[in-house]
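Chemist: I need the structure of the sequence given here:
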Amino acid sequence: MKNLKTSSIDEYIAGFHADLRVILQKVRQTIHEAAPDAKEKIAYGIPTFALEGNLVHFAAFKEHIGFYPDPRGIEEFMDKLAKYRSGKGTIQFPLNEPIPYELIKEVTLWRVSDNLQRAEEKKKR
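Modeler: Got it, this is the predicted structure:
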């Protein structure tokens, strides 16, 4: 991952080689399709989508794409994510394997629902 300060997702993606830029743009597009109302920003130095709070983040590394759907997103999709290296809030998609864009979309859709539900519950309190 680049250690450059960036102010936009466009700038972040531009900092990588062409092959990786294609993958990052497709990840970005996939998230946009699942969460068209989410706002783009840079948070923690990486591309972030926000909708009633942070929704998902992604980042490029030497050997993988990091996808960060919050620990709840990982717990919800544990079975489908089992083949990938993961941690409390992170999933690693190896660059030497096809990136699972449909899974990214599915997790993002769930995160949209989760964030909206949690925001609604918060308003009721």
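
Chemist: Please report the residue range of the longest strand in this structure.
Modeler: strand 54-60 (DSSP state E).

Chemist: Against which helices or strands is it packed?
Modeler: With contacts taken as 3 or more Cβ pairs under 8 Å, 6 or more residues apart in numbering; DSSP states H and E, strand 54-60 sits against helix 18-34, strand 46-50, strand 64-68, helix 70-76, helix 101-124. The C-beta positions use only the backbone N, C-alpha and C, and glycine is treated the same way.

Chemist: chain center to the first one, what's the gap?
Modeler: Average the C-alpha atoms of helix 18-34, do the same for its chain, and the two points are 10 Å apart (Cα atoms, centre = their mean, to the nearest Å).

Chemist: same deal with the fourth one?
Modeler: Here the centre of helix 70-76 is set off from its chain's centre by 12 Å, with Cα atoms, centre = their mean.

Chemist: CA atoms only for the helix or strand just after it - export them in PDB, please.
Modeler: With elements assigned by DSSP states H and E, the helix or strand that comes after helix 70-76 is helix 78-81. Listed next in PDB are the C-alpha coordinates belonging to helix 78-81 (Å, rounded to 0.1, in the frame of the first residue of the first chain):
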ATOM      1  CA  MET A  78     -18.300 -16.000   7.800                       C
ATOM      2  CA  ASP A  79     -19.200 -19.100   5.600                       C
ATOM      3  CA  LYS A  80     -18.600 -17.300   2.300                       C
ATOM      4  CA  LEU A  81     -15.400 -15.600   3.600                       C
END
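
Chemist: Can you list the helices and strands that helix 78-81 packs against?
Modeler: Helix 78-81 packs on helix 101-124, going by 3+ Cβ pairs under 8 Å, 6+ apart.

Chemist: Not counting the helix it packs on itself, show me its contacts.
Modeler: 26-27, 30-31, 33-35, 38, 49, 51-53, 55-56, 67, 69-70, 72-73, 76-77, 80-81 (Cβ atoms under 8 Å, 6 or more residues apart in numbering).

Chemist: Understood, closing this out.
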